[in-house]
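**Student:** using only what follows, build the 3D model:
(one chain, ligands or ions: 2)
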Amino acid sequence: MTLDVSRKPIKIKGQTMSERPYVIDKMISAKAIAARIEELCREIETAFKGTDKLVVVGLLRGSFVFIADLVRELDLPIEVDFLEASSYGDGMESSREVRILKDLRGAIEGRDVLVVEDIVDTGHTMHHVTRLLKGRKPAHLRTIALLDKFARREVDFKADWTGFDIPDEFVVGYGIDFAQRNRNLPFIGKVRFT
Ligand code: IMP
Ligand code: MG
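**Tutor:** Ligands and ions are numbered 1, 2, ... in the order given. Predicted structure coming up:
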């Protein structure tokens with residue numbers, strides 16, 4: 001399935017790509033994502049068995065759809081919190097400099113924490129965020145990423161759970177954006193310029 005998507009200026013590597021049209025080729029279906037989330041949740045339930053209350057931390061904004069599906073499938077007592085870190089501007093290239101734009105509302109000292117990310121790409125974001133949160137002395141801190149583009153890794157980071165390993169393609173949908181667009185697609189697709 002291919003979608004025709006229109007157009008608003010896009011910045012890539014500092015250049016504005018005015019009105020450059022692209023299509024989205026389906027890569028991972030909504031059904032495949034749901035099935036994988038079920039599998040992952042069984043593993044997470046085992047890993048956190050007996051937890052008092054797991055703090056599920058979503059990295060905004062890309063993880064908002066994933067975390068919504070994940071927590072509804074998880075049979076564990078949970079709380080949800082959010083953190084916003086930024087490494088991308090409005091384009092396709094990571095700035096590599098991670099800033100915390102919005103911190104957690106709650107303390108995590110002594111708590112069981114699961115950090116939920118949409119994609120691990122260069123690894124800078126999760127490397128930085130996990131170091132920051134470990135400094136707050138959680139009892140356990142584990143990580144899950146829906147997607148992993150291992151070929152692009154620049155710093156050492158591997159999530160405890162990964163939904164899908166994907167090749168080096170720019171993807172959108174299921175919460176993930178291209179210049180803030182296409183987050184509401186129910187599947188994961190790759191961007192192809194036409
Ligand atoms: P990293 O710091 O390079 O690992 O980048 C992680 C962040 O970059 C992710 O949370 C995404 O928000 C964003 N990102 C990486 N790859 C893509 C992509 O293919 N599409 C959209 N956003 C992406
Ligand atoms: Mg992100």
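**Student:** can you give me the distance of the most centrally placed residue in the chain to ligand 1?
**Tutor:** With distances taken as C-alpha atoms, centre = their mean, the residue of the chain nearest its centroid is Asp118 (1.2 Å). Look at Asp118 and ligand 1: by C-beta to the nearest ligand atom, to the nearest Å, they are 5 Å apart. C-betas here are computed from N, CA, C, even on glycine.
**Student:** and that residue, what is it in contact with?
**Tutor:** For Asp118, the contacting residues are 59, 62-63, 66, 145-147, 174-176, by C-beta atoms under 8 Å, 6 or more residues apart in numbering.
**Student:** and what of Asp177?
**Tutor:** Contact partners of Asp177, counting by C-beta under 8 Å, 6+ apart, are 61-62, 183.
**Student:** what residues does the protein have near ligand 1?
**Tutor:** When proximity is defined by C-beta under 6 Å from any ligand atom, the chain lies next to ligand 1 at 62, 87-88, 94, 117-125, 170-171, 176.
**Student:** just the buried subset of the residues you listed, please.
**Tutor:** For the residues of the chain next to ligand 1, a burial check counting by 16 or more other C-beta atoms under 10 Å picks out 62, 87, 94, 117-125, 170-171, 176.
**Student:** longest strand of the protein?
**Tutor:** The strand spanning the most residues in the chain, taking DSSP state E as the definition, is strand 78-88.
**Student:** quick one: that strand to chain centroid distance?
**Tutor:** Here strand 78-88 is found 10 Å from its chain centre; the criterion is C-alpha atoms, centre = their mean, to the nearest Å.
**Student:** next helix or strand past the helix or strand of the chain with the lowest mean pLDDT?
**Tutor:** Counting by mean pLDDT, DSSP states H and E, the chain has its least confident helix or strand at strand 15-17, which shows a mean of 51. With elements assigned by DSSP states H and E, the helix or strand that comes after strand 15-17 is strand 22-28.
**Student:** contacting residues around Asn182?
**Tutor:** Contacts were defined as C-beta under 8 Å, 6+ apart; by that measure Asn182 touches 5, 24, 172-173, 176, 189.
**Student:** in TSV, list those residues along with pLDDT.
**Tutor:** Formatted as TSV, those follow (pLDDT from 0 to 100):
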residue	pLDDT
Val5	62
Ile24	98
Val172	98
Gly173	98
Ile176	98
Gly189	98
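**Student:** just these: which are in helices?
**Tutor:** Per DSSP state H, helices hold no members of the contacts of Asn182.
**Student:** can you select the buried ones from these in ChimeraX?
**Tutor:** Those of the contacts of Asn182 that count as buried under 16+ other C-beta under 10 Å are selected in ChimeraX with:
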select :5,24,172,173,176,189
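**Student:** from the contacts of Asn182, pick the one nearest Asp165.
**Tutor:** Ile176 (15.5 Å; C-beta to C-beta).
**Student:** what's the burial count for Phe82?
**Tutor:** 18 (other C-beta atoms under 10 Å).
**Student:** that one against Leu60, yeah?
**Tutor:** Yes - distance between Phe82 and Leu60: 5.2 Å, which falls inside the contact criterion (C-beta atoms under 8 Å).
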